[in-house]
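Chemist: what's the 3D shape of this:
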Amino acid sequence: MATVAARELADGEVVFVGIGLPNLACNLARATHAPNLVLIYESGAVGAVPERLPVSIGDPALVTGSLMVCGMADVFQLFLQNGRIEVGFLGGAQVDRYGNINTTVIGTYERPRVRLPGSGGAAEIAIHARRTVIVSKLSPRAFPEQVDFVTSPGHRSGGVPRDALRMPGAGPVRVITDKAILAADPEAGELILAALYPGVTAAEVKASVGWPLAAGRDVGCVDPPAARDLELLRRVLDPKKLYLKG
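Modeler: All right, here's what the predicted structure looks like:
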């Protein structure tokens with residue numbers, strides 16, 4: 001998932017980076033095909049060039065050599081809301097057929113079965129980033145037809161198209177999963193099957209979502225990670241090494 005997500009990034013793009021797989025993917029891309037990637041972290045590190053994989057958005061490794069260190073308000077107001085973020089990575093407990101993301105509650109808002117951490121900056125990223133990429137493992141629970149609560153809007157929320165909601169960004173264009181890549185249909189905004197991982201069938205992917213998943217015209221096959229990518233992930237970017245050294 002990290003290598004596939006890294007391939008979504010082009011050299012020189014400005015990326016709003018989160019922790020977890022997006023963090024791993026962005027730093028992998030910077031170490032391989034996109035050395036001029038501009039990494040912006042929510043904590044205020046702009047143009048970060050960490051020598052090791054940062055373990056959080058407040059990791060001191062993000063400060064050394066960065067272009068700028070500012071307040072969180074500046075990141076959101078001057079960069080994100082000003083349309084300067086080209087790619088935003090998102091994840092969530094639920095993702096529905098139109099790319100809406102739920103990180104608020106499972107069940108009803110008034111009487112939830114599970115209360116989740118909430119939006120953080122995800123809603124702002126979903127609205128203002130020029131395009132967003134979702135990274136999430138496939139399962140029927142994680143990919144229902146409709147999310148229990150819309151925390152971060154996708155291409156259509158509550159039956160209303162994104163354009164009518166006056167959202168400046170393009171919305172989620174790709175969903176990187178552990179079995180396949182889903183893509184947003186350019187006309188309907190609905191997520192469809194775009195490519196399969198080696199050894200995975202379309203039937204397996206369709207059984208992992210809660211709606212009748214359509215397939216694109218040319219469903220491709222995702223290339224496995226290159227040897228160099230695996231070497232970097234295992235020997236350089238593996239976050240466990242930070243603790244093993246200590």
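Chemist: make it CA atoms for all contacts and neighbour counts henceforth
Modeler: Noted.
Chemist: so what's Thr3 scoring on pLDDT?
Modeler: Note for Thr3: predicted pLDDT of 96.
Chemist: wait, is it part of a helix?
Modeler: Yes - counting by DSSP: H, G, I helix; E, B strand; the rest coil, Thr3 is part of a helix.
Chemist: who's in contact with stretch 87-98?
Modeler: Stretch 87-98 is contacted from outside by 9, 13-18, 22, 101-103, 122, 125-126, 129-136, 141-148, 154-157, 184, 189-191, 211, using C-alpha atoms under 8 Å, 6 or more residues apart in numbering.
Chemist: from the residues you listed, which would you call buried?
Modeler: 9, 13-18, 22, 101-103, 122, 125-126, 129-136, 142-148, 154-157, 184, 189-191, 211 (16 or more other C-alpha atoms under 10 Å).
Chemist: Restricted to helices, list the contacts of stretch 87-98.
Modeler: Residues of these located in helices (DSSP state H): 22, 122, 125-126.
Chemist: Enumerate the beta-bridge partners assigned to Thr132.
Modeler: Thr132 has these beta-bridge partners by DSSP bridges: Gly88, Pro172.
Chemist: Contacts only, for it.
Modeler: Contacts of Thr132 by C-alpha under 8 Å, 6+ apart are 87-90, 125-126, 170-174.
Chemist: Do you know the pLDDT at it?
Modeler: Here the pLDDT value assigned to Thr132 is 95.
Chemist: same question, the one 4 residues further on
Modeler: Looking at Ser136, its pLDDT reads 95.
Chemist: what's the closest non-adjacent residue to it?
Modeler: Using C-alpha to C-alpha, 6 or more residues apart in numbering and skipping the chain neighbours, the partner closest in space to Ser136 is Thr177 (5.2 Å).
Chemist: picking up where we left off before, want to throw the contacts of Thr132 into a markdown table with pLDDT and distance to Leu39?
Modeler: Shown next, in a markdown table, are these (pLDDT from 0 to 100; distance: C-alpha to C-alpha, whole Å):
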| residue | pLDDT | distance to Leu39 |
| --- | --- | --- |
| Val87 | 97 | 10 |
| Gly88 | 96 | 10 |
| Phe89 | 93 | 12 |
| Leu90 | 92 | 15 |
| Ile125 | 94 | 14 |
| Ala126 | 94 | 17 |
| Ala170 | 76 | 20 |
| Gly171 | 78 | 20 |
| Pro172 | 87 | 19 |
| Val173 | 92 | 20 |
| Arg174 | 95 | 19 |
